[in-house]
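Undergrad: turn this into a model:
(one chain, ligands or ions: 1)
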Amino acid sequence: MLKKRIVLLGAPGVGKGTQAKRLKEQFQWAHISTGDMLREAVKDKTTLGMKANAYMEKGELVPDELIVELVGERLRRKDCQNGFMLDGFPRTVIQAEKLDELLESINEKIDDVVSITVENKAIIDRLSKRLVCDQCGKVVDPDKGLNIGDPCPYCHGKLIRRKDDEPETIGRRLEVYEAQTRSLIQYYQGRGLLRSVDGLGDLSDVYQRICDSLGIA
Ligand code: AMP
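TA: Just a heads-up that it's a prediction; the model follows:
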């Protein structure tokens, strides 16, 4: 079995989550999405969820200590032994340094950092059309012609727009992403781990580009 430990970088809406799901199906690498984990915590009203909610609604980053603890716990789970993809973490150089410490403590390391790039205009267009289920959290295919309030195609839930996918919040999230991530990209570039992938176009084409960049075509 091919083991890879990957960081997926890309602004909100570039399709990281979708590509990670495919990679998980093919290679059984654990998909660790800090955004999904936090939304779950908010939904379950856990202590973490209550602390994180105010930041998330504004499109701001949740404090590092909360995220680092969450990821540390997750990386120790058994399903990460075949490899894992971090999606949404690290977002800053400080988080990347914390991640290195965490991984060192469990005898792991990052093999590749895949940065998926799409221009902002296309991202805003994609995110403002994105609908998710209020129960299972799945994102529905925009080509299915579904609207807010329609039943979820996967469960008994209802389709909604994520609060942070509203146009003003998207703008703020993209600004936050760019401001924080520029130095992160340099950090990984300097260590020779960065693979840049064009995220525009058909999902399967982007998937193929990611596999090529990882040398697993
Ligand atoms: P995402 O689904 O990755 O766009 O994450 C949604 C929200 O969760 C972000 O806007 C942040 O508020 C929070 N979040 C997710 N990952 C992180 C992280 N690594 N550091 C800080 N906040 C995060």
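Undergrad: longest helix in this structure, please.
TA: helix 167-190 (DSSP state H).
Undergrad: in that helix, which residues are buried?
TA: For helix 167-190, a neighbour-count test (16 or more other C-beta atoms under 10 Å) marks Thr169, Ile170, Arg173, Leu174, Val176, Tyr177, Gln180, Thr181, Leu184, Ile185, Tyr187, Tyr188 as buried. For the C-beta atoms, the positions are set from N, CA and C on the backbone; glycine is no exception.
Undergrad: quick one: the strands in the chain?
TA: 4-9, 30-33, 83-87, 112-117, 131-133, 139-140, 159-160, 194-198 (DSSP state E).
Undergrad: a markdown table please, covering these and showing mean neighbour count, mean pLDDT and distance to Ser105.
TA: Shown next, in a markdown table, are the strands of the chain (neighbours: other C-beta atoms under 10 Å; pLDDT from 0 to 100; distance: least, C-beta to C-beta, whole Å):
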| stretch | mean neighbour count | mean pLDDT | distance to Ser105 |
| --- | --- | --- | --- |
| strand 4-9 | 23 | 97 | 14 |
| strand 30-33 | 20 | 97 | 16 |
| strand 83-87 | 23 | 97 | 15 |
| strand 112-117 | 21 | 96 | 20 |
| strand 131-133 | 20 | 93 | 35 |
| strand 139-140 | 16 | 88 | 34 |
| strand 159-160 | 18 | 96 | 39 |
| strand 194-198 | 17 | 97 | 24 |
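Undergrad: give me the average confidence score over the longest helix of the chain.
TA: The average pLDDT for helix 167-190 rounds to 89.
Undergrad: now do it: distance to the chain's middle.
TA: Computed by C-alpha atoms, centre = their mean, to the nearest Å, the separation of helix 167-190 from the middle of its chain amounts to 13 Å.
Undergrad: wait, does that helix contact the ligand?
TA: Yes - counting by C-beta under 6 Å from any ligand atom, the ligand has neighbours in helix 167-190: Arg173.
Undergrad: contacting residues around whichever residue of the chain sits closest to the ligand?
TA: Closest contact between the chain and the ligand, by C-beta to the nearest ligand atom, is at Gly35 (2.1 Å). By C-beta atoms under 8 Å, 6 or more residues apart in numbering, the contact set of Gly35 is Asp87, Gly88.
Undergrad: cutoff 10 Å now
TA: Under the criterion of C-beta atoms under 10 Å, 6 or more residues apart in numbering, the neighbours of Gly35 are Pro12, Lys16, Gly17, Met56, Val62, Asp87, Gly88, Phe89, Arg162, Asp164.
Undergrad: okay, Ala217: pLDDT?
TA: For Ala217, pLDDT reads 68.
Undergrad: same list (the strands of the chain) but as JSON lines, adding distance to Ile124.
TA: Shown next, in JSON lines, are the strands of the chain (distance: least, C-beta to C-beta, whole Å):
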{"stretch": "strand 4-9", "distance to Ile124": "19"}
{"stretch": "strand 30-33", "distance to Ile124": "21"}
{"stretch": "strand 83-87", "distance to Ile124": "20"}
{"stretch": "strand 112-117", "distance to Ile124": "15"}
{"stretch": "strand 131-133", "distance to Ile124": "16"}
{"stretch": "strand 139-140", "distance to Ile124": "16"}
{"stretch": "strand 159-160", "distance to Ile124": "19"}
{"stretch": "strand 194-198", "distance to Ile124": "18"}
